[in-house]
Structures are given as structure tokens and as C-alpha cells.
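> The sequence isn't on hand, but the structure is:
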């Protein structure tokens, strides 16, 4: 069992930056691919970014590519999402998730989920 806790969300103006963290307990994260997803009110959960177990590969959703960066520190059992040049349409609850499979854009591939952290971007 893996417990995931996100932090770092908040209110920011358009063009600003935030860094989300996802801290894990229960098991070491090095055995899992990790992903960040987001969900805005009334919309489906959307893939934002994913990173491989060792951190050597990453992928991004089209809407965040070039602005967001996913990283991980397996020694700290933590995954990060650096979000730059934020836009009002980035407003959502952001979730981190862990997968024992090869990293994926699909929510179905992820077994463990955090509770989410709210990001609000004002115009």
C-alpha cells in the first residue's frame, strides 16, 4: 500500500508559478511510475505529466507541454510538478498517482492516488 499526499497548491496570478509536491509513505516510490493529473469542475480527470521509475523518461499532456516539468527524488520519496506561466485554464484540483506499470496517460493504469491539491489561477 502506498499513501500519497500532495501539497503546494494555492492561488496565483496568471503568468505565475507553483511547485507541487507529492510525498509518499508506506512503500518506496522507486518501484513506481508516477503521474500528475488534474480535474476542473465539471470536467474529466486530465493527464498532465508522468515520469518513469528512475526519472529518465517523462511525458506531458499537450495543454501543459513546455510549461510544466515533472521530477522526482527517490531518496526523499517525493515527486514534484513545477508549473510555470500558469493560465486561468490550469485551475483544477491536481492529483498525483502511482503505477506499477510503465508510465501512462490513462488513469486506469494508476493504482494509488492522493487526495489532491487545489490550484487556482486568476486572470
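Ah, there it is. Values in this document were obtained by computation on a predicted structure and should not be read as measured data. Numbering: from 1, shown residues only.
> isn't residue 87 right next to residue 14, touching?
Yes - taking Cβ atoms under 8 Å as the definition, residue 87 is a contact partner of residue 14 at 5.9 Å. Bear in mind the C-beta positions are built from the backbone N, C-alpha and C, glycine included.
> Tell me which residues touch residue 1, please.
26, 27, 112 (Cβ atoms under 8 Å, 6 or more residues apart in numbering).
> Next, the contact list for the spatially most central residue of the chain, please.
Taking Cα atoms, centre = their mean as the criterion, residue 36 is the residue nearest the geometric centre of the chain, at 2.4 Å. With contact taken as Cβ under 8 Å, 6+ apart, residue 36 is in contact with 20, 22, 48-50, 68, 70, 79, 81, 94-97.
> Select, from these, the two members most distant in space.
Using Cβ to Cβ, the contacts of residue 36 reach their maximum pairwise distance at 68 and 97, which is 15.4 Å.
> related to what we said a few turns ago, what distance do you get for the residue nearest to the centre of the chain to residue 123?
The gap separating residue 36 from residue 123 is 23 Å, by Cβ to Cβ, to the nearest Å.
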